[in-house]
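Participant: Just to be clear, the model below is a prediction. Sequence and coordinates:
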Amino acid sequence: MKSHPFHGDVDPGRDRASATYKNCLPFSIWEMCMCFWSCRTRKRKLKLSFTGLLKMHSSKQDLVNYYVGIDVGTASVRAALVDQFGTVVAHADQPIQIWEPQPDYYEQSSDDIWAACCTVTKKIVCGIDAERIRGLGFDATCSLVVVDKQFRPLAVNYEGEHTRNIILWMDHRAASQVARINGTQHSVLSYVGGTMSVEMQPPKLLWIKENLRESCWEKAGYFFDLPDFLSWKATGVTARSLCTVVCKWMYSSEEGWNDDFWKLIDLEDLVEDKYEKIGNQILSPGTSVGNGLTPEAAKDLGLPCGIAVAASLIDAHAGGLGIIGGDVKGHNLPCENQPITSRLALICGTSSCHMGISETPIYVPGVWGPYYSAMVPGFWLNEGGQSTTGKLIEHVVQGHVAFPELQAKAAASAQSIYTYLNSHLDLIKKSLPVGFLTVDLHVWPDFHGNRSPLADLTLKGMVVGLTLSQGLDDLALIYLATIQAIALGTRHILETMQAAGHRINTLFLCGGLRKNPLFVQMHADITGKPIVLSQEVESVLVGAAILGACASGDFASIQEAMERMGKIGKVVQPNHRHKRFYDKKYEVFLKLVEHQQEYNAIMQGI
């Protein structure tokens, strides 16, 4: 069995500078500079911006309010202290464990995750006036947490290891269960593009009932989506977020739970107890939960008791919240003076999510939704996605025979491996644009199945154009082709959404992969759309902090907080001179999956 953290929310191109600050606030510019320099040299996992230091210094006079955002990604927990202007004042992260007992089985520990939340939160509030911390917001991956009636962890594995009580979002053990659910053709499936994903919670629940009935199913007191588990841990309230139950549990924001659906898929037990185990109190994201932070949780996290705790969001949705509402005036973008529905939020980390909103419901084949008020209140959400993007880049690069050489050369030049690869591509391109190096090398990126827009779990990855080369040049080229394939997949999703009725003209990109300029430029060139990056790198954390700000009552609505706290930074324009090349690449891209489907048909029944 493998036990590892994966490397980051996989951030190709990410250089992890570290900083910390002392237990007292600096009181002069000189002291702030010295504090900042000291922070830069301590190599602890806490980041503090100079702008943040200035705001901390001025807070004694200006009474700046702060909000804590906690983001639980696939492989790490991150926290940020964010002020009411959307500036990330301090940031810390902590790795978390992932167990892989067999292929396609991925598990985590709620105890491990909560401990990491406590570690990072204590770091970011060190030296802060507690009275200025107004609210707390959580986001997390849509993983399934199982606890008993006393809220103790229950094993989700054959080994009976109760520490491992989370089925990670990317776990695909419930493939046969989801196939049966989709075979029912129940009407609720129209809200997930017609096909439920194995990454949603109903198939995972059915797998537990069929495989761990005595050890887990019958002993379970509560099944939580991870964001809701964190809200419960902080407040003692078992209320669920509208975001999680609508997007991953087949709850309807208009009609509630559908009894017929749960009975049809043999999970009638959940209906009989009036949905107590999966949630019978549903709150809109950003709503204040219970009486705020409990004394026990306050001690664990190092935060003031009773501060507002917000109903949570799934991590991708927090990223969308943190970036999609920013003011774009003066950036010469096609979405300026257009409704927010002209924007697509693209959240790229281990996986990628494509969040488009509309004023009326739009049904997109193979794309999740429409979900009402699941991200932005009052708007319908469609959510496309790619199950593995950052993880795929990592897999391709680290699995290449030239990876040790790459590691050595990157270390010698004091660069990350992805920064080095980008520079190496510039060296070998000669007079060609970098993207043209893959004229005869093509990748289909569904190494973990297709989430959108084909919604086909059985699809596999493909590489066409390999040679006997095993050197660093070959590694750089397959890295480039993989990034292009991910961007071509985004184009496939975008065109499917456009064909169904969305009118999107600008992409807003955040997540770990936004730090890789090659990844961003390829998305601009291949989609033909301008890419907007946020002023703050950590948009997901800003989104979580926006929830805390709303729960505190400091903002009248999520929309107001989005506009005030979501700041726009760099804009990356597409190079339209390369359009013909990428149109051809896209044509090949679609042929790849067409051919794979033909091969599968030929081999069927063997």
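Facilitator: Everything's here; your move.
Participant: Tell me which helix or strand comes right after the helix ranked longest in the chain.
Facilitator: For the chain, the longest helix by residue count, based on DSSP state H, is helix 472-500. Secondary structure here is assigned by DSSP states H and E; on that basis, the next helix or strand after helix 472-500 toward the C-terminus is strand 506-510.
Participant: outside of that next one, which residues touch it?
Facilitator: Counting by C-beta atoms under 8 Å, 6 or more residues apart in numbering, the neighbours of strand 506-510 from elsewhere in the structure are 319, 322-324, 326, 328, 333-335, 342-348, 520, 523-524, 527, 529-534, 539-540. Any C-beta I mention is one placed from the backbone N, CA and C, and that applies to glycine too.
Participant: In ChimeraX, select just the buried ones from those residues.
Facilitator: Applied in ChimeraX, the following selects the buried portion of the contacts of strand 506-510 according to 16 or more other C-beta atoms under 10 Å:
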select :319,322,323,324,326,328,333,335,342,343,344,345,346,347,348,520,523,524,527,529,530,531,532,533,534,539,540
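Participant: Now, the contacts of strand 506-510 that are in helices?
Facilitator: With DSSP H as the criterion, helices contain 319, 322-323, 520, 523-524, 527, 539-540 from among those.
Participant: nearest to Thr482, of those?
Facilitator: For Thr482, the nearest member of these is His523. The distance, counting by C-beta to C-beta, is 13.2 Å.
Participant: measure the closest one to Arg491 for me?
Facilitator: Using C-beta to C-beta, to the nearest Å, one obtains 9 Å as the distance from His523 to Arg491.
Participant: what's the answer for Asp446, then?
Facilitator: Distance, Asp446 to Arg491, by C-beta to C-beta: 15 Å.
Participant: returning to what we had before: could you export the ones in helices among the contacts of strand 506-510 to CSV, including columns for distance to Gln597?
Facilitator: Compiled in CSV, the ones in helices among the contacts of strand 506-510 are given as follows (distance: C-beta to C-beta, whole Å):
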residue, distance to Gln597
Gly319, 32
Gly322, 37
Ile323, 35
Val520, 31
His523, 26
Ala524, 30
Thr527, 24
Ser539, 36
Val540, 35
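Participant: before we move on, back to that, would you mind telling me which of Asp446 and Arg491 has more residues around it?
Facilitator: Using other C-beta atoms under 10 Å as the criterion, Asp446 and Arg491 rank with Asp446 on top: 25 against 19.
Participant: my read: that one touches Val463, true?
Facilitator: No. Under the criterion of C-beta atoms under 8 Å, Asp446 makes no contact with Val463, lying 11.9 Å away.
Participant: right, and Cys297 touches Ser231 too?
Facilitator: That one is not Cys; residue 297 is Ala. No. The pair Ala297 / Ser231 is not scored as a contact, 10.3 Å apart, by C-beta under 8 Å.
Participant: Which of those two has more residues huddled nearby?
Facilitator: Here Ala297 and Ser231 are set side by side on neighbour count (other C-beta under 10 Å), and the busier one is Ser231, at 29 against 22.
Participant: contacting residues around the more buried one?
Facilitator: For Ser231, the contacting residues are 138, 237, 239, 241, 289, 309-312, by C-beta under 8 Å, 6+ apart.
Participant: Buried among those? Make that a ChimeraX selection.
Facilitator: Typed into ChimeraX, the next command selects the buried ones out of the contacts of Ser231 (criterion: 16+ other C-beta under 10 Å):
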select :138,237,239,241,289,309,310,311,312
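Participant: What part of this protein, helix or strand, is modelled with the least confidence?
Facilitator: Every helix and strand in the chain was compared by mean pLDDT, DSSP states H and E; the lowest is helix 29-41, with a mean of 41.
Participant: Any buried residues in stretch 428-444, and which?
Facilitator: 434-435, 437-438, 441-444.
Participant: And the average pLDDT for the helix or strand containing Tyr418 is what?
Facilitator: Secondary-structure element containing Tyr418, defined by DSSP H and E: helix 417-428. Regarding helix 417-428, the rounded mean pLDDT is 98.
Participant: i'd like the first residue to be 426 from this point on
Facilitator: All set: I'll call the first residue 426, so the last point we hit is now helix 842-853.
Participant: leaving aside the residues next to it on the chain, what's closest to Thr546?
Facilitator: Leu726 (4.5 Å; C-beta to C-beta, 6 or more residues apart in numbering).
Participant: who touches the one you found in this structure?
Facilitator: With the criterion set at C-beta under 8 Å, 6+ apart, Leu726 makes contact with 542-543, 546-547, 561, 659, 718.
Participant: 7 Å instead, please
Facilitator: The neighbourhood of Leu726, defined by C-beta atoms under 7 Å, 6 or more residues apart in numbering, consists of 542-543, 546-547.
Participant: For His516, state which of those is nearest.
Facilitator: Proximity of the contacts of Leu726 to His516 (C-beta to C-beta) peaks at Thr546, which lies at 11.3 Å.
Participant: That closest one - that's part of a helix, no?
Facilitator: Yes. Read with DSSP: H, G, I helix; E, B strand; the rest coil, Thr546 is one of the residues of a helix.
Participant: for it, what are its contacts?
Facilitator: Applying C-beta under 7 Å, 6+ apart, the residues near Thr546 are 493, 495, 504, 726-728.
Participant: And the helices in the stretch 426-575 of the chain, which stretches?
Facilitator: 454-466, 475-487, 535-549 (DSSP state H, counting those that start in this stretch).
Participant: quick one: buried residues of stretch 655-663?
Facilitator: Of the residues in stretch 655-663, those buried (16+ other C-beta under 10 Å) are 655-660, 662-663.
Participant: In helices only, show me these.
Facilitator: Members of the buried residues of stretch 655-663 lying in helices (criterion: DSSP H): 655-660.
Participant: Adding pLDDT and distance to Tyr530, write those residues out as a markdown table.
Facilitator: Below are these laid out as a markdown table (pLDDT from 0 to 100; distance: C-beta to C-beta, whole Å):
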| residue | pLDDT | distance to Tyr530 |
| --- | --- | --- |
| Leu655 | 99 | 23 |
| Ser656 | 99 | 27 |
| Trp657 | 99 | 25 |
| Lys658 | 99 | 25 |
| Ala659 | 99 | 29 |
| Thr660 | 99 | 31 |
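Participant: What is the nearest of those to Ser894?
Facilitator: Nearest to Ser894 out of those is Leu655 (C-beta to C-beta; 47.1 Å).
Participant: For Gly560, see how far away the closest one is.
Facilitator: In this structure, Leu655 and Gly560 are 14 Å apart, going by C-beta to C-beta.
Participant: likewise Gly914?
Facilitator: 36 Å.
Participant: who has more neighbours, these two?
Facilitator: Neighbour totals were compared for Gly914 and Gly560, and Gly560 leads with 30 against 27 (other C-beta under 10 Å).
Participant: which intervals of the stretch 776-925 of the chain have sub-threshold pLDDT?
Facilitator: Counting by pLDDT under 70, the stretch 776-925 of the chain contains no low-confidence residues.
Participant: Can you show me the helices along it?
Facilitator: With DSSP H, counting those that start in this stretch applied, the stretch 776-925 of the chain shows helices at 815-823, 828-837, 842-853, 897-925, listed in chain order.
Participant: Could you give me the buried positions within the third one?
Facilitator: Same thing as helix 842-853. Using 16+ other C-beta under 10 Å as the test for burial, helix 842-853 gives 842-847, 849-850.
Participant: now the angle from it to helix 815-823?
Facilitator: Per axes from the mean of the first three to the mean of the last three C-alpha atoms, to 10 degrees, the angle that helix 842-853 makes with helix 815-823 is 60 degrees.
Participant: ok, residues contacting helix 842-853?
Facilitator: Counting contacts by C-beta under 7 Å, 6+ apart, the residues outside helix 842-853 that touch it are 437-438, 440, 822, 831-832, 834-835, 838, 859, 862, 897-898, 901, 904-905, 941-943.
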